[in-house]
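Visitor: Got a predicted model here, sequence first, then my questions.
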Amino acid sequence: MSLVPSRECGNCTVCCKVLPIRSPELNKTSHVLCEHCEAGEGCRIYPTRPSLCRSYYCGWRMWEALPDGWRPDKSGVFVDRVKFLSGAEGEIPAQYDKRFMVQLLLLRADAIDGPHFAEVVWTLVHGGIPVFLGICGPPGFQNALVFLNEPVKDAVARRDRAAVVAIARQAAATAATHDFRPL
């Protein structure tokens with residue numbers, strides 16, 4: 001795995017909060033700041049952090065196509081890979097490759113209106129990558145995700161920024177009505 005050379009986590013600690021970490025060294029649930037993290041500062045045990053933490057990088061660190069200003073704490077969007085769960089075949093049309101999927105997890109509702117949001121959606125959807133818009137669940141629960149490709153495909157084809165943003169707002173409202181599932 002190669003990282004974008006110019007991108008560093010800096011004082012971003014979003015992954016230290018939103019991700020669940022299940023390892024022998026650490027048993028942290030989702031949407032709770034890790035006990036070893038100082039918000040806005042970073043990991044207090046960085047040199048000895050668990051291997052799961054050592055090997056994890058958010059989408060912003062890995063994908064050069066994302067704008068430089070899209071570090072999660074700045075953009076309000078946490079970009080992450082989504083694993084396909086067996087039994088979810090009906091949620092994603094068959095023509096999509098389910099080996100690599102992405103979630104755009106909203107950390108703030110207004111992130112949809114932020115710079116480059118529509119353009120990032122265009123890039124992913126145009127590339128045929130399954131994209132989910134997500135909202136954070138409560139502590140200990142999964143995020144609520146809505147498949148975005150089909151609803152935005154016409155707006156993406158027209159490069160209609162306003163339509164992509166409006167559809168993303170609707171998707172976020174739909175996600176907010178979902179029953180969150182415990183981890």
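Guide: Nice, thanks for sending it over.

Visitor: Shouldn't Val125 be within a strand?
Guide: No - applying DSSP: H, G, I helix; E, B strand; the rest coil, one finds Val125 to be helix, outside a strand.

Visitor: Break down the protein into its helices, ranges please.
Guide: For the chain, helices defined by DSSP state H occupy the ranges 15-18, 51-54, 59-62, 72-75, 117-126, 149-158, 161-176.

Visitor: ok, what's across the strand from the most centrally placed residue in the chain?
Guide: Centroid check for the chain by C-alpha atoms, centre = their mean gives Val79 as the closest residue, at 3.2 Å. Counting by DSSP bridges, Val79 is bridged to Leu104.

Visitor: Enumerate every residue touching it.
Guide: 58-60, 63, 66, 70, 72, 102-105, 120 (C-beta atoms under 8 Å, 6 or more residues apart in numbering). Yep, even glycine has a C-beta here, placed from its N, CA and C like the rest.

Visitor: Tabulate those in a markdown table, adding columns for pLDDT, distance to Val14 and neighbour count.
Guide: Formatted as a markdown table, these follow (pLDDT from 0 to 100; distance: C-beta to C-beta, whole Å; neighbours: other C-beta atoms under 10 Å):
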| residue | pLDDT | distance to Val14 | neighbour count |
| --- | --- | --- | --- |
| Cys58 | 96 | 7 | 24 |
| Gly59 | 96 | 11 | 21 |
| Trp60 | 97 | 10 | 27 |
| Trp63 | 92 | 16 | 18 |
| Leu66 | 93 | 14 | 23 |
| Trp70 | 95 | 12 | 24 |
| Pro72 | 96 | 4 | 24 |
| Val102 | 94 | 16 | 19 |
| Gln103 | 95 | 13 | 21 |
| Leu104 | 97 | 13 | 25 |
| Leu105 | 97 | 9 | 25 |
| Val120 | 96 | 16 | 24 |
